[in-house]
Structures are given as C-alpha cells and as structure tokens.
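> Provided below for reference: sequence and predicted model.
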Number of protein chains: 2
Amino acid sequence: MRIAVDAMGGDFAPQAIVEGAVDAARTFDVDILLVGQRAAVERELAKYALGDARLEVVDAPDAIRFDEQPALAVKTRKGLSMRVMCDLVLAGRADACLTMGHTGAALVAGTLAFGRIEGIARPAVGVWLFGLQPNTFLIDIGANVDCKPAYLLHFALMGSVFMERVRGIKRPRVALLANGAEDNKGNALVHDTFPLLKRSGLNFIGNVEGYDILTGKANVIVTDAYAGNIVLKYTESLSEHLLNLAEEQLAGPLSGEAMEKARSVLGNLRLRADYAETGAIPLLGVNHLIFIGHGRANAKATKNAIGEAMRAVDARLIDAIRAGLKTIDPVAG
Amino acid sequence: MRIAVDAMGGDFAPQAIVEGAVDAARTFDVDILLVGQRAAVERELAKYALGDARLEVVDAPDAIRFDEQPALAVKTRKGLSMRVMCDLVLAGRADACLTMGHTGAALVAGTLAFGRIEGIARPAVGVWLFGLQPNTFLIDIGANVDCKPAYLLHFALMGSVFMERVRGIKRPRVALLANGAEDNKGNALVHDTFPLLKRSGLNFIGNVEGYDILTGKANVIVTDAYAGNIVLKYTESLSEHLLNLAEEQLAGPLSGEAMEKARSVLGNLRLRADYAETGAIPLLGVNHLIFIGHGRANAKATKNAIGEAMRAVDARLIDAIRAGLKTIDPVAG
C-alpha cells in the first residue's frame, strides 16, 4: 500500500510531517511518498536512519505564498504539494493521500482532482469527537453551510459507511442533530430530512440534541457545516476554558507536589480534547481517498493519520460508499 | 416594585421557589406575589419567620397534568400558575414575572398574554453564558429555529439593549455566529443579515466563530435557535464530561486529602458552567417582562432570578427596546 503525504502542509512542516512519516514507515507495512520541495524534504529525511523503511520523495516545486488565499492557489497552481499529492493518487501511484495544510484548500484540491462520486449530492467532511467520544462521528464540518435534505441523507450514508468500515462499528446508529430529541424538533431542514432517513435503510434513531453529542447515543450525528463547525470550534474553546479554570483554581488549595500531578492530568485531558492530536479527518464523497489533518499536527498525529488513511484503503471505503448509495431509497435523493 | 413568581414551576417547586422568594423578599426592596395552589404555597410559607418581608400568595387553582403537553396546556387553561402570573403583570399588579417551569410553555404563555412589541418580527430568548462568560449574551436559544434576516436584526437589537441596560455594558459589541470570523463566512442567513447589522447603528463587529463564544470578543452573539440551542445544551454536556474525566483521573495520583480539595474546586466549576445556577433568562420582544429559569433551579437561583427581573424593571427594558427599534434603519426590517 502506498500513501502520499504532503510534507509541506501544516504549522510544523516539513519537520514534524517527515518525522511522523518516518515513524509510520518503520511501524506499518506501507510505502510513503513524501511530496514537497525536494531539497527541504530530503534535508529532513537525512536526519533519520531509514533501514528498510520505504520512503520516497516526490518533488512539488511550488509553495503557497503568504499573500495568497490557499483555496484559490490550489485551483490554478499544479506544482503545489497538495496538487501533486492528489495527482499521485489519480495516476494510481498512491492509494490515498494526506495533508496537514489549509483545510479549505484541501477541500478544493480533493474535489477538483478526484471529482464527486456519481450520485452524491455534495462531498462532506466528518470528524470523530476527539478523545472525548471516539465512537461518534459528526458530519458535515466542511463547506456545506446551506444544505438540502438530500445532502444530509448522503452525509448520513457516508458517515455510516465510514464508521462501519473504518472504525468497525456494526450498523452505526445515525441521528440528526436538533434542538431537542423529540421527533418534532429541528429546523425545516431537519424536518424535511427526517422522513428520508426514516426510509433510507440506515440505522436511523431519530433526533439527538446538543447534550447527546458526547454521550455516545449516536455513532453518526448529521448536521449542516454551519452548526457542525460551531460545535467543532466551541469544543476547543470550552475545553481550554474549563481546563484552564481548573488549573488556576486547583493551584491555590493544592500543595506544590499535588499540583504537579494535577497539571499532568489536565495536560492529558487537553490532548484528548484536541483534535490536532487525533489523526486526520476524511473528505467523503469524492472518488479517491484524501485525509486532512489539523494544522497543528505533530509527528505523532501525522503517524496516526497515516494509520487512519491505511485503514480506509484496507476498508475499500470508496467502493463501500458507492455500494451504499445503491441501497438507500433512490427516491430519497 | 412587585414581582410575580410562579411557585409551582420547576423540579423543586414549591419548596425551593418559596425559599428563594422569601430570601429575596428579606434582602431586596420588593413585593413578591407567590402564584400557585394556595394551600401548598401557604404551607411552605409557614416555615419561615417573615418579619417585614413582603410576600403575598395569589391562588392559581390549576396544575399541568403529567399526561399533557405543557405548551398546549397553557394555551387553554387560564387557572395555571404560569397564566395567572402573566395576568397579574397585564393587570398592572406586578412589574415582571418569573417562572422555573417548562420553557416552551413559558414562551407560549408570555407571548400569548403580552403580545409582540410592535415592529419586532419575533420574540426571542437570550442567555448569558453562565459563570463562564457573563459578559456575553447568546440569542436566540428559544423557538426560532428557522429565521429571516429581520429576525436576527431584532435579536441583535434586543440583546444589545439588554446587555446595555440590565448588565451595564456600554455600546455592547454585537456579532453574528458563523463558521469562521471572516466577513465572507456564514450560511445564507448570516450573509443576508450582515449588511442589515452593518447599517443598523448597533456596535456590530462582524462574525465570530465557535471558538469565540467564551472569549468575550462579543457581548451579544446572534444566531438562530437551532444553533443556539445546540450550543447551550452542548455546554452542559461537554462541561460535565470534562469535569467528570478530570475528577476520575485526578483520583488516582492525588492523595485522599488533596483529592478532597480538588473535588471541591471541580464542584464549584460545575456550578459555574451550569445555567440552572445563574438566575433566569428573559423572553425579549413581548410587551411585558417575563423571565424563565432552569427547571433545576434551587432557592439561590430563584433569589438570583428575582434580582435579575428587578434590574430589568429598573432599567425600563421594554421601553428601551421600543426606543431602540426606532433608531435602527427602518428599511432593514
């Protein structure tokens, strides 16, 4: 199996990306194509004794300039690492690709290069809820801020296939995110999507409310990217806020030694709540596999993300989505 | 000043409500009308030495039955405490009213009894973000899950007037909640509302994202009740989840004595993150003042809520909203 990795994307590129890729190549049975400016990537790679780890550098001469919008740049400049990475997959030289670069740019690059799966209304991005609730996948957190019922039906299908095939959850419980768990709750979009999901053949359990996001009640929680993005970013903010308050207020009553221990516990919780740590998230609904990591990804997150991409390749995720699309009520779309 | 309090609403009614009302009447310069089934309320009241605290019981013979929908019941049954409480305000016998009963029922009762302020598209419910960020008010968390730009403009106005008059914040900074802070972010509703707010004369600072909900960047964060309700309930869920995890994981490394102290700190944080503790929230946009508390409100929360209602009376909140409505661009609505 071959994974193409964007060595230039992310706040700590190329160092952290190359370090994580080397670790992955040593640990997993995988060939890694490191895509980026050859000299820079080779300089990083030279730091490691590679043994029989299989890594190859693929040159991508261009870089996104500070003064340009990443999502526009990838549209026109084929020499960018994000584009070259996708082209390797298109050419059959890699089975999946991974970038820690700008999320919006990655969405554009992936959609442009791979095209939508026939029958899927809109590609979408899902995220599992960090270390906090790994058995729940929230979709969409990508670009679809204004949705139609058919989009949400397809998000539900793609999320369900992902959680079943890649995360090993049988008959994932699918729910719509709403302002209450009762069937009559939700906005017009939720109301109109509800009957489509009801007859979709998916394991639809109805609506869940904000309180249920972390309870594990649903394995796939479907919403538009407006609410999805708010939940994602608020998670970061509220977690930081609460853990900082806890640290501040424990510092008074606890002795120096006890406080050291408390800091280490809170530090671990911070990592659990931080999706930069948890690998990468898939763009679903395009014809090839592309994973997008957090810009703050470190070497460990890069290695985890490569593992995640490998599981998706093994699971034949794209074929499973195509097959799933045939099983849901065709009238629904 | 007179405040009518629904003695029958909430999980701990009438005990906690009467206890909180007695405490308020002893502390504040206020007359309290306790509305509920006379015998039950008088039995509670008999527990206290009232001195010169001014409390009066007003009989409301009906109660919502277990088998009926509260929001339907208040439509037809005038003898319910929530209805009698509103009628006292309408008749000029109270300056504001407060219930810890069913939120949906209270919205119906308040809207039905008081009517919309002329020119306001939709009444809405705002909440300040608990002990976590008291200088930020999120509106709507009520019933308006599907909104038009004019609704959001009015939410912004009402939130701004509330934060200025009741919470003492000068020229409150108003923002739209979006999937990113840039001007071009947001769904269609946010895009269409943006120019209305821009020329409204309010102190509009643009979009904020989920990360900014607790940073204090904006004093009024405007969104529809779909996203607003999700944020509200997710706050409860994520706070509980993180603080429980912290408690679990501190219990290992910390000694018994240190853990006692840590538990007390985390317990206090739980209360700060819990909006049951922080008084009551206003239904804005109707012609009289009605505050709605959390069903789990205890005596302290009841007392706080009475204080909040008193501040709104003092601030002549309804008049201020009416005046504000004349200053915003009339074309905008």
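Cool, got the structure.

> got the residues of the stretch 1-150 of chain A near chain B?
With the criterion set to Cβ under 8 Å from any Cβ of the partner chain, the stretch 1-150 of chain A comes near chain B through A:132, A:145-146. For the C-beta atoms, the positions are set from N, CA and C on the backbone; glycine is no exception.

> now the residues you listed as JSON lines including secondary structure and neighbour count?
Shown next, in JSON lines, are the residues of the stretch 1-150 of chain A next to chain B (DSSP: H, G, I helix; E, B strand; the rest coil; neighbours: other Cβ atoms under 10 Å in any protein chain shown):
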{"residue": "A:132", "secondary structure": "helix", "neighbour count": "22"}
{"residue": "A:145", "secondary structure": "coil", "neighbour count": "22"}
{"residue": "A:146", "secondary structure": "coil", "neighbour count": "16"}
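
> Retrieve the pLDDT associated with residue A:277.
If you check residue A:277, the pLDDT there is 68.

> hang on, the earlier thing: which one of the residues of the stretch 1-150 of chain A next to chain B is nearest to chain B?
Nearest to chain B, judged by Cβ to the nearest Cβ, of the residues of the stretch 1-150 of chain A next to chain B is residue A:145 at 4.0 Å.

> Could you measure from residue A:257 over to chain B?
Here residue A:257 is placed at a distance of 9 Å from chain B (Cβ to the nearest Cβ, to the nearest Å).

> Next, find the distance separating that residue from residue B:255.
Going from residue A:257 to residue B:255 by Cβ to Cβ, to the nearest Å gives 9 Å.

> wait, what's in contact with the residue most central in space within chain A?
Nearest to the geometric centre of chain A sits residue A:281, at 0.9 Å (Cα atoms, centre = their mean). Applying Cβ atoms under 8 Å, 6 or more residues apart in numbering or on different chains to residue A:281 gives the contacts A:125-128, A:141, A:275, A:291-293.

> before we move on, the earlier item: show me which of the residues of the stretch 1-150 of chain A next to chain B is closest to residue B:60.
Closest approach to residue B:60 among the residues of the stretch 1-150 of chain A next to chain B (Cβ to Cβ): residue A:132, at 44.2 Å.

> Bridged to residue A:96, which residues?
Taking DSSP bridges as the rule, residue A:96 bridges to residue A:3, residue A:289.

> Report how many residues lie close to it.
Neighbours of residue A:96 under the rule other Cβ atoms under 10 Å in any protein chain shown: 26.

> so where's the longest helix in chain A?
Taking DSSP state H as the criterion, chain A has its longest helix at helix A:225-251.

> Wasn't residue A:138 part of a strand?
Yes: under DSSP: H, G, I helix; E, B strand; the rest coil, residue A:138 falls within a strand.

> Let me see the contact set for it.
Residue A:138 makes contact with A:126-129, A:177, A:213, A:221, A:223, A:228, A:231-232, according to Cβ under 8 Å, 6+ apart.

> and residue A:107, what does it touch?
A:71, A:123, A:125, A:142-143, A:283, A:292.

> circling back to that earlier point, which ones among the contacts of residue A:138 lie within strands?
Judged by DSSP state E, these include A:126-129, A:177, A:221 as members of strands.

> how about these in JSON lines, adding neighbour count and pLDDT?
Shown next, in JSON lines, are the ones in strands among the contacts of residue A:138 (neighbours: other Cβ atoms under 10 Å in any protein chain shown; pLDDT from 0 to 100):
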{"residue": "A:126", "neighbour count": "23", "pLDDT": "94"}
{"residue": "A:127", "neighbour count": "23", "pLDDT": "91"}
{"residue": "A:128", "neighbour count": "25", "pLDDT": "85"}
{"residue": "A:129", "neighbour count": "23", "pLDDT": "79"}
{"residue": "A:177", "neighbour count": "27", "pLDDT": "98"}
{"residue": "A:221", "neighbour count": "28", "pLDDT": "98"}
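
> Specify which member of those residues is nearest to chain B.
Among these, and counting by Cβ to the nearest Cβ, the member closest to chain B is residue A:177, at 6.4 Å.

> pLDDT below threshold where in the stretch 151-300 of chain A?
A:275-277 (pLDDT under 70).

> just the helices in the stretch 151-300 of chain A please.
Taking DSSP state H, counting those that start in this stretch as the test, the helices found in the stretch 151-300 of chain A are A:188-198, A:225-251, A:256-272, A:299-314.

> What distance do you get for residue A:281 to chain B?
The spacing between residue A:281 and chain B, counted by Cβ to the nearest Cβ, is 15 Å.

> Can you name the residues bridging to that residue?
residue A:292.

> coming back round to it: so which of the residues of the stretch 1-150 of chain A next to chain B would you say is closest to residue A:171?
Nearest to residue A:171 among the residues of the stretch 1-150 of chain A next to chain B, with distances taken as Cβ to Cβ, is residue A:132, at 22.9 Å.

> Pick the one among the ones in strands among the contacts of residue A:138 closest to residue A:97.
Once Cβ to Cβ is applied, the member of those that ends up nearest residue A:97 is residue A:126, at 17.2 Å.

> got the contact list for the residue sitting furthest away from the middle of chain A?
Here the centre of chain A is the reference, and by Cα atoms, centre = their mean the most remote residue is residue A:255, at 40.6 Å. By Cβ under 8 Å, 6+ apart, residue A:255 lies in contact with residue B:258.

> mind listing what residue A:179 touches?
With Cβ under 8 Å, 6+ apart, residue A:179 has these contacts: A:185-187, A:209-210, B:145, B:225-226, B:229-230.

> could those go into JSON lines alongside distance to residue B:244?
JSON lines is the format used below for these (distance: Cβ to Cβ, whole Å):
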{"residue": "A:185", "distance to residue B:244": "26"}
{"residue": "A:186", "distance to residue B:244": "28"}
{"residue": "A:187", "distance to residue B:244": "31"}
{"residue": "A:209", "distance to residue B:244": "19"}
{"residue": "A:210", "distance to residue B:244": "17"}
{"residue": "B:145", "distance to residue B:244": "30"}
{"residue": "B:225", "distance to residue B:244": "28"}
{"residue": "B:226", "distance to residue B:244": "27"}
{"residue": "B:229", "distance to residue B:244": "23"}
{"residue": "B:230", "distance to residue B:244": "21"}
